[in-house]
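K.L.:
Give me a model of this one.
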Amino acid sequence: MRKAFICPSKYVQGENELYNLGYFVRLYGKSALLIANPDDVKRVKPQLDATQEKFGVKLVTCDFGGECSREEVAKLQKLAKEEKCNCIIGLGGGKAIDTAKCVNAAKSRLIIVPTIAATDAPTSHSAVLYTPDGAFDDYAYFTSPDVVLIDTAVIAKAPVRFLVSGMGDALSTYFEARANNQSYANINAGLPCGAREKKCPPAKPTMAAYQLAQLCYQTLLSDGYKAKLACEENVVTPALERIVETNILLSGLGFESGGLAAAHAIHDGLTVLEETHHMTHGEKVAFGTICQLVLENAPQEEIEEVLDFCFTVGLPVCLEDLGVTDIGDRITAVAEKACIPEESIHSMPFPVTPDMVAAAIIAADKLGREAKGCCCDCE
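P.N.:
Predicted coordinates:
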C-alpha cells in the first residue's frame, strides 16, 4: 500500500523573521524574483531593505497584476529568466504565493513568505489558477516549497479579516480529511489522468495527516476567538501564534496529505456566482464546510458547533453572507461546477450528484439563516 506525506523542506515562524529572508536566499544564490503586490512590498519595505543589505542579496521586484492566471505566470517566468534569478519568492497573500509556485515550475528554488494567514496555501505544493476576471480555472501541482518563512509580527498588523478567513479555510481541514479517511480515497483523488497524475502519483493518507487535521480543528475552537482579539490590537500572543500555525502549517499539511472533499469543491462551484468574487477563499470554504456537513448528514450537535464557531469569529454561515441574495436557478450551475469529474467532491464516502449538492446548499443556507435569527420566512 502506497502512502504519502507532503510537506515543505523548512518551516520557520516567529516575530521579526522577515529580517532573515536574505539568509535563505543566500542558500541558493544572490538574487531572487520577488512576486508580491506593491502594497505588500510597501508594508515590509524596511525589513526587505535590511535583509538585502545584511546578507548581500538582490530582490528583483516585478509588476505583479494580482491574479494567479496563466498570462501572469508566463510574464513573470520570462522576467525571472531575463534577470537570472536563483530563486523565486512569493510574498503576500494566496494569489502571490500561488503565482510564485507556478512561476517556479522551471525548478529553481522557492521561498514562500506569507504576510497574512488567510489560507493554507503557503506550505502546499498545489496552486489554484484563476481566469483573469477571477473565476476558478484549474489546480496545478509542483514540488513543495523549499522554505516557508512567517513573520508573526507582520501578520498581527494585517487586517483581521485575513486571519479569520484563514480560520475558514482551516475549518474544512478536519472534515475533509475525515471524509477521505472514511472513503479511503487517494489524497490526490480527482486529478485527471495524464501528465499531472504522473507528477503526483496516487497515494493514501497517513495517520500523521489525519492527526494534524484533528489538531487543526481543536486549536481553532480553543484559540480562534482569542487570536482574533489579539489581531484586532495588532499584538502577537500565544493564541495568535497558535492560530497562525493552525491556519498555515496544520491546515496546509492536513489538507494536502489528508485530502480535500466537498467543502472545497462547493467553494469552486460558488465562484461561478459573480457576487461571491469579493469574498475570500476561506470565507467561501467556511460555508462550503457547512454544506458538506449537511451533505453527509453530520450530527446536529456537530453542525451547531461549527455554526457557533463561525458566529464567534465572524465567518459566513449562509448565502446572504457571501453576497448572494437570490440564487434562483443558478444553483444548478454551482452544483454542476462542484461535481465535475476532476473535483474533490468525489472523495466523499458516497456517490455525489449535482442534485444532492444543490439540496445541501439550500438546506445549509436555511440552517445558517435560522441560526442567525433572520430566516427569510420571517421577513
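
K.L.:
residues contacting Ala4?
P.N.:
187, 203-204, 206, 257 (Cβ atoms under 8 Å, 6 or more residues apart in numbering). Using the backbone N, CA and C atoms, a C-beta is placed for each residue, glycine as well.

K.L.:
among these, which are in strands?
P.N.:
Among the contacts of Ala4, no member falls in strands (DSSP state E).

K.L.:
pretty sure Ala121 contacts Ala100?
P.N.:
No: taking contacts as Cβ atoms under 8 Å, Ala121 lies outside contact range of Ala100: 10.1 Å.

K.L.:
tell me the centre residue of the protein?
P.N.:
The residue lying closest to the centre of the chain (Cα atoms, centre = their mean) is Thr119, at 3.4 Å.

K.L.:
what ranges do the helices span in the stretch 101-250 of the chain?
P.N.:
152-156, 160-183, 195-199, 207-232, 238-245 (DSSP state H, counting those that start in this stretch).

K.L.:
by contact count, what packs against the second one?
P.N.:
Under the contact criterion of 3 or more Cβ pairs under 8 Å, 6 or more residues apart in numbering; DSSP states H and E, the helices and strands touching helix 160-183 comprise helix 207-232, helix 238-245, helix 251-258, helix 262-270, helix 281-295, helix 300-313.

K.L.:
Tell me where the model's unsure across the stretch 101-250 of the chain.
P.N.:
106, 188-201 (pLDDT under 70).

K.L.:
Using JSON lines, please lay out the helices of the stretch 101-250 of the chain together with distance to Thr325 and mean neighbour count.
P.N.:
Formatted as JSON lines, the helices of the stretch 101-250 of the chain follow (distance: least, Cβ to Cβ, whole Å; neighbours: other Cβ atoms under 10 Å):
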{"stretch": "helix 152-156", "distance to Thr325": "33", "mean neighbour count": "21"}
{"stretch": "helix 160-183", "distance to Thr325": "21", "mean neighbour count": "26"}
{"stretch": "helix 195-199", "distance to Thr325": "38", "mean neighbour count": "12"}
{"stretch": "helix 207-232", "distance to Thr325": "27", "mean neighbour count": "20"}
{"stretch": "helix 238-245", "distance to Thr325": "31", "mean neighbour count": "21"}
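
K.L.:
where's Ile97 relative to Val25, distance?
P.N.:
17 Å (Cβ to Cβ, to the nearest Å).
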